[in-house]
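Engineer: coords please:
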Amino acid sequence: MADAADLYLEKARLSLAGAQSELEQRRFDNAANRAYYACSQAAVAALMKEGVRPKGAVWEHAFVQTCFVGDLVNRRKRYPPDLRDTLNATMQQRHKADYQYDHVTAEQAMRTVRRAVRFVQAVDPGEVTSR
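Structural biologist: Predicted coordinates for the structure are as follows:
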């Protein structure tokens, strides 16, 4: 039976596949949305594997970002420093896609999906392929 971290990694892989598919279909807002969730789910898996648990019953976005960067990147050095701003940058694109009047552009979506591929690969090496 898979543990919870493995289930979050599976979710991350599926979200990333969705982001890549949406990008190919030129649905840039959807691509940005799914790319952010791929990163968020991968970060949750990484935190779980390191024994970090949420304060409450759910993994809040701010908690995940703070703990991933502060604990796993800066303090424990489990992940490279270039991932520090990935969760924040992809969340900004998701907010644009979901809540703002204008759309995510093709270039922004491509950049966001590339960042998500890099992030998920760092957490789950060998499992992600870039299209």
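
Engineer: now the helices for this protein?
Structural biologist: All helices of the chain, identified by DSSP state H, fall at 4-24, 28-49, 61-67, 86-99, 106-123.

Engineer: Let me see the contact set for the residue nearest the centre of the chain.
Structural biologist: With distances taken as CA atoms, centre = their mean, C39 lies nearest the centre of the chain, 0.6 Å away. Applying CB atoms under 8 Å, 6 or more residues apart in numbering to C39 gives the contacts A12, T86, L87, T90, R115, A116, F119, V120. Using the backbone N, CA and C atoms, a C-beta is placed for each residue, glycine as well.

Engineer: Now with 6 Å, please.
Structural biologist: C39 makes contact with T86, L87, T90, A116, F119, according to CB atoms under 6 Å, 6 or more residues apart in numbering.

Engineer: for E60, phi and psi?
Structural biologist: Backbone torsions for E60, taken as degrees, to the nearest 10, come to phi -80, psi 150.

Engineer: Can you verify my assumption that G18 contacts R34?
Structural biologist: Yes: the criterion here is CB atoms under 6 Å, and G18 meets it with R34 at 4.1 Å.

Engineer: Give me the more crowded residue out of those two.
Structural biologist: Ranked by neighbour count (other CB atoms under 10 Å), G18 and R34 place R34 first, with 27 against 17.

Engineer: tell me how far stretch 38-48 is from the chain's mean position?
Structural biologist: Its chain's average C-alpha position is 7 Å from that of stretch 38-48, according to CA atoms, centre = their mean, to the nearest Å.

Engineer: Buried deepest among the helices of the chain, which one?
Structural biologist: Ranked by mean neighbour count, the helices of the chain are led by helix 28-49 with a mean of 25 (mean count of other CB atoms under 10 Å).

Engineer: quick check: mean pLDDT across it?
Structural biologist: The predicted model assigns helix 28-49 a mean pLDDT of 98.

Engineer: quick check: angle from that helix to helix 106-123?
Structural biologist: Taking axes from the mean of the first three to the mean of the last three CA atoms, to 10 degrees, one finds helix 28-49 and helix 106-123 inclined to each other by 20 degrees.
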